[in-house]
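# Sequence plus the predicted model coming up.
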Amino acid sequence: MNTKTQNAPGMFDGEATFAGITVKVDPINRPRTDGSDNVMAIFEEEQPFMWEFVKADIRAAIKDSMGTIDFLDVGTGSGVWSILVGKNTEAKNIVAIDKSPKAIVEAKANAERNGVTFKLREEFYNMNSAPYHSAKAIGIYAPYHLYPVEIEMKMPQHARGGVDGQQIFKEELTTANYHLARNGVIVFNQMCLGKEGKPSFAEYIPQIIEDSSLSYTNILPPIRTVEFMKRVYRNEFPFYQEWISTLFPELYYCDGIIRRDGRRKVEVVPHSIDLKGRTWDDRLDLHRQVALHGLC
């Protein structure tokens, strides 16, 4: 991978090239003076890692599922996932949606830059975004930053996932359950609170997605929630820090694959994907930058 704008190893904001595509994105520190949200930067442990982890399952679902939509891209942002699927699979019908007008403009430009075409729609993800059980593969990358309710409205949209970081993810999964075809897959990226050796999504995903199995991998080893809170918020919001750290003492950073295969099995799998030196220190620095929006 290479980039023309590189702030730190494994951090690609401005332009990123990997898996045969090149996309332009916003710098991580772009001022949002016009009221529009940023088109998210690309990091080695996010989109490039996730593509390596899920690409075989996306290809298999496009080939074997009976749906009519090959790939449903929920929150397309820069269009990176629709472009990845368009360039690296046999997908013919790709639908990409985003609620941000700026994202739609940027995704269109990136699609043209990479010589791919897909349907782009500016809308909130909802039941009418696709027909019932029509999507062979669905990509979900819901926001997961942890923050107290007092600063929720100061958080950028791409980080506003609720005080437990899982609210939007659960809502999108509920909608995706309606859209997912038999033998189809949902692929996702999430930072998730947990306890007793597993992220909380390992409990609720099988309840939301019917007749499914779940495989997930820990991109980075789990850490203590209190460590995340202290690094990100320091001495601010002590009640929130103590409350969330006591309720969920562990914090996970994962990619997952949900398969509508009727197996009803949950498993954590190891990975050997190169993180190019990225660690929790890098993630904590990023979340500190996000948190500063609410501390200003």
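That came through, no problem. Numbers count the residues shown, from 1 in each chain.
# Name the residues that touch stretch 84-97?
Residues from elsewhere that reach stretch 84-97 (CB atoms under 8 Å, 6 or more residues apart in numbering): 19-21, 47, 51, 55, 58-59, 62-63, 68-76, 79, 81-82, 107, 111, 114, 116-123, 125, 129-130, 137, 139. C-betas here are computed from N, CA, C, even on glycine.
# Please disregard the earlier target; I meant stretch 61-72.
By CB under 8 Å, 6+ apart, the surrounding residues in contact with stretch 61-72 are 58, 81-82, 85, 89-95, 97, 129-131, 133-139, 176, 179, 181-185.
# Could you list the residues in contact with the helix or strand hosting residue 206?
Residue 206 belongs to helix 201-208 when assigned by DSSP states H and E. By CB under 8 Å, 6+ apart, the list of residues contacting helix 201-208 from outside reads 166, 169-170, 173-174, 177, 190, 192, 194, 212, 214, 216, 254, 256, 258, 264, 266, 268.
# What about those residues, which are in strands?
Residues of these located in strands (DSSP state E): 190, 192, 194, 214, 216, 254, 256, 258, 266, 268.
# Tally up the residues packed near the second one, please.
Counted with other CB atoms under 10 Å, the neighbours of residue 192 add up to 23.
# I figured it hits residue 166, correct?
Yes. The criterion here is CB atoms under 8 Å, and residue 192 meets it with residue 166 at 6.5 Å.
# about what we covered before: emit the PyMOL select command for whichever of the contacts of stretch 61-72 are buried.
A single PyMOL command selects the buried members of the contacts of stretch 61-72 (16 or more other CB atoms under 10 Å):
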select buried, resi 58+81+82+85+89+91+93+94+95+97+129+130+133+134+135+136+137+138+139+176+179+181+183+184+185
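# now, which of the contacts of stretch 61-72 lie within helices?
58, 81, 82, 85, 176, 179 (DSSP state H).
# Now do the same contact list for the second one.
Meaning residue 81. Residues counted as contacts of residue 81 (CB under 8 Å, 6+ apart) are 47, 71, 73, 96, 139, 141.
# Check these against residue 25 and report the nearest one.
In terms of CB to CB, no member of those lies closer to residue 25 than residue 47, at 9.8 Å.
# Not counting residues beside it along the chain, what's closest to that closest one?
Using CB to CB, 6 or more residues apart in numbering and skipping the chain neighbours, the partner closest in space to residue 47 is residue 80 (5.5 Å).
# thinking again about what came up before, output the helix holding residue 206 as CSV, nothing but the C-alphas.
Extracted C-alpha coordinates of helix 201-208, given in CSV (Å, rounded to 0.1, in the frame of the first residue of the first chain):
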residue,chain,number,x,y,z
PHE,A,201,-22.1,-8.7,19.8
ALA,A,202,-21.3,-12.5,20.2
GLU,A,203,-24.5,-12.6,22.3
TYR,A,204,-26.9,-10.3,20.4
ILE,A,205,-26.0,-11.0,16.7
PRO,A,206,-27.5,-14.6,16.8
GLN,A,207,-30.7,-13.0,18.2
ILE,A,208,-31.0,-10.4,15.6
